[in-house]
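Engineer: Got a sequence here, can you build the structure:
(2 chains)
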Amino acid sequence: MNRSPAIKRYNQRVIWLSLLYVVVLIAAVYGFNRQLVGGPLAYIAAVLPAVPIIGIFAAMGRYLVEEQDEYVRMLTVRQSLWATGLALSVATIWGFLESFELVGHIDSYYVAIVWFGGLGLGAIINRLTLGAQVRC
Amino acid sequence: MENRLRVLRAERAWSQQDLAERLEVSRQSVNAIETGKYDPSLPLAFRIAELFERPIEEIFVSPSRRSSKAI
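Structural biologist: Now for the predicted structure:
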């Protein structure tokens, strides 16, 4: 399958944002472990690793705007909806389990990881239902 | 949506890739439209009609007309 210019741009953005995430996360962990940050700066340092992740969500949105092939765009939208449905469902179920003290606490940023996993699920469902190959 | 895209393409001896390049879409889009798995938007349907120099209704079978025939 030929990759559209929009997909190439999306991939480039995701690679750069992933690298940025690694750098920022390492810096934040280092800063907190060495107690280099405190006060209001601690909040900024804690939130910084989230920024590249939010950037990846934005990159997906940007891709949907830039993709010129309407069928491929529709496949990606389906993928994203499956990912969103999965992430929200898992978060809701876990929230109740946690409320009734049946499971331990999990940091809420894992929802993003479930969402990325959901993109894979969406790709499989696209493949099974439409025989379509999509990236992500 | 049922359509005559495969027939029209075959008349011109175009591959799916040839048609995809002319329409500026992916080959899998052409395949999805041909097999009725995906209904193109109106702008894309017009592009297809203009490429084959046929009215849209000669390429795509109206679902309502198809069901009324069945009745």
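Engineer: Check which helix or strand the residue of chain A found nearest chain B maps to.
Structural biologist: Of the residues in chain A, the one nearest chain B is residue A:71, at a distance of 3.8 Å by CB to the nearest CB. (Each C-beta comes from the backbone N, C-alpha and C, glycine too.) Residue A:71 belongs to helix A:70-99 when elements are defined using DSSP states H and E.
Engineer: what about residue A:13, distance to residue A:60?
Structural biologist: With the distance defined as CB to CB, to the nearest Å, residue A:13 ends up 9 Å from residue A:60.
Engineer: I meant residue A:69, not that one.
Structural biologist: 16 Å.
Engineer: Then residue B:9?
Structural biologist: Distance from residue B:9 to residue A:60, by CB to CB: 33 Å.
Engineer: Kindly report the same for residue A:4.
Structural biologist: From residue A:4 to residue A:60 the distance is 15 Å (CB to CB).
Engineer: one step back: state the number of residues packed around the residue lying closest to the residue of chain A closest to chain B once chain neighbours are set aside.
Structural biologist: Spatial nearest neighbour of residue A:71, chain neighbours left out: residue B:29 (3.8 Å); criterion: CB to CB, 6 or more residues apart in numbering or on different chains. The number of residues packed near residue B:29 is 25, by other CB atoms under 10 Å in any protein chain shown.
Engineer: tell me the contacts of residue B:29?
Structural biologist: The contact partners of residue B:29, taken as CB atoms under 8 Å, 6 or more residues apart in numbering or on different chains, are A:69, A:70, A:71, A:72, B:20, B:23, B:38.
Engineer: Tell me the buried residues within those.
Structural biologist: A:69, A:70, A:71, A:72, B:20, B:23, B:38 (16 or more other CB atoms under 10 Å in any protein chain shown).
Engineer: and which of these is nearest to residue A:26?
Structural biologist: Of all the buried ones among the contacts of residue B:29, the one with the least separation from residue A:26 (CB to CB) is residue A:72, at 35.2 Å.
Engineer: gap between the spatially closest residue to the closest one that is not a sequence neighbour and residue A:36?
Structural biologist: Spatial nearest neighbour of residue A:72, chain neighbours left out: residue B:26 (5.7 Å); criterion: CB to CB, 6+ apart. As defined by CB to CB, residue B:26 lies at a distance of 50 Å from residue A:36.
Engineer: Tell me how many other residues crowd residue B:47.
Structural biologist: 16.
Engineer: residues in contact with it?
Structural biologist: residue B:23.
Engineer: quick one: contacts of stretch A:69-83?
Structural biologist: A:4, A:7, A:60, A:63-64, A:67, A:115-119, A:121-123, A:125-126, A:130, A:132, A:134, A:136, B:25-26, B:28-29, B:32-33, B:38, B:40-41, B:44.
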